[in-house]
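Undergrad: Any chance you could fold what I've pasted below:
(one chain, ligands or ions: 1)
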Amino acid sequence: MFQILSRVAAVAGLVVVPLALFSGTAEETKKSSAPARTPDCVYVGTPHDVIDEMVEQAAIKKGDLVYDLGCGDARILIAAAKRHGCRCVGYDINPVRIEEATERIKKNNVAEFVKLEQEDIFTLDLKDADVIMLYLLPKMNEKLIPQLEKLKPGARIVTHDYSIKGIVHEKTLSVPSLEDGVNHEIYVYKAPLKKES
Ligand SMILES: C[S@@+](CC[C@H](N)C(=O)[O-])C[C@H]1O[C@@H](n2cnc3c(N)ncnc32)[C@H](O)[C@@H]1O
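TA: Just a heads-up that it's a prediction; the model follows:
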């Protein structure tokens, strides 16, 4: 239970976990221009072994368009592009994350596949996406529902740790991560979204 609370707190920017890991650091302030507005959660990267399972569960096909809303350093999209050669777009409101993601994409030689946009995810039109990846706070997932309802039939949504409240998932699984020693929940949804009755 503490681990779950720690991760909610981490994404929310609270101080249950070591501050230097998850809150804005002096170095971050130094490097960046400020985001257009305050991000709705802080950055916490998904462990790589959890990413492998998210990519697997998304059933990505070559040619699919994959979005990560709040992409951080773009690690999910880099893994998806390397494995499937799919087209990916990462959105993040924080220019520091966009800068890190740009470097990481270059280092991994996937610039041909992974593009980045510094945008507020709540302004996006998602109708072209085949797959949406989410690692956001529960309230953010819920706020995205009107946009997710416009996904084309058959599009998949894969969320890390937090479900989309009020929406029926196709599948859920628990992934023990060797990277952080914690069990991570993954939820899979398919468009059109089905509301809980
Ligand atoms: C918990 S991190 C997840 C990073 C990445 N998806 C992963 O799983 O490794 C959430 C990210 O969402 C970004 N974010 C928060 N509010 C946002 C908003 N309104 N629009 C775009 N990005 C946002 C943060 O800057 C942060 O990088």
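Undergrad: All the helices of this structure, residue numbers only.
TA: Applying DSSP state H to the chain gives helices spanning 2-12, 19-22, 26-31, 48-57, 75-84, 95-107, 138-143, 145-148.
Undergrad: show me the contacts for Gly63.
TA: Residues near Gly63 by C-beta atoms under 8 Å, 6 or more residues apart in numbering: 86-87. (Each C-beta comes from the backbone N, C-alpha and C, glycine too.)
Undergrad: before we move on, back to that, which one of the helices of the chain has the lowest average pLDDT?
TA: Sorting the helices of the chain by mean pLDDT places helix 19-22 lowest, at a mean of 28.
Undergrad: what's the burial count for Pro146?
TA: The number of residues packed around Pro146, counting by other C-beta atoms under 10 Å, is 8.
Undergrad: Same question for Lys150.
TA: For Lys150, the count of nearby residues is 14 (other C-beta under 10 Å).
Undergrad: Same check on Asp161?
TA: The burial count for Asp161: 23, using other C-beta under 10 Å.
Undergrad: In space, what's closest to it - neighbours in sequence excluded?
TA: Closest residue to Asp161 apart from its sequence neighbours, by C-beta to C-beta, 6 or more residues apart in numbering: Glu185 at 5.4 Å.
Undergrad: isn't that neighbour right next to Pro176, touching?
TA: No - with contact defined as C-beta atoms under 8 Å, Glu185 does not count as touching Pro176 (11.1 Å).
Undergrad: Isn't Gln57 up against Ile157?
TA: No - the pair Gln57 / Ile157 is not scored as a contact, 10.3 Å apart, by C-beta under 8 Å.
Undergrad: okay, and the common contacts of the two?
TA: Listed as contacting both Gln57 and Ile157 by C-beta under 8 Å, 6+ apart are Val188.
Undergrad: neighbour-wise, which of these two wins?
TA: The neighbour count for Gln57 versus Ile157, taken as other C-beta under 10 Å, is higher for Ile157 (27 against 19).
Undergrad: How much space separates Pro39 from Asp92?
TA: In this view, Pro39 and Asp92 are 8 Å apart by C-beta to C-beta, to the nearest Å.
Undergrad: So which of the two has more stuff around it?
TA: More crowded of Pro39 and Asp92, by other C-beta under 10 Å: Asp92, with 27 against 18.
Undergrad: Give me the phi and psi for the residue lying closest to the more buried one once chain neighbours are set aside.
TA: What sits nearest to Asp92 in space, not counting adjacent residues and going by C-beta to C-beta, 6+ apart, is Cys71, at 5.0 Å. In terms of degrees, to the nearest 10, the main-chain angles of Cys71 are phi -80, psi -10.
Undergrad: who's more crowded, Glu185 and Pro176?
TA: Just comparing Glu185 and Pro176: by other C-beta under 10 Å the higher neighbour count belongs to Glu185, 15 against 11.
Undergrad: Cheers, nothing more for now.
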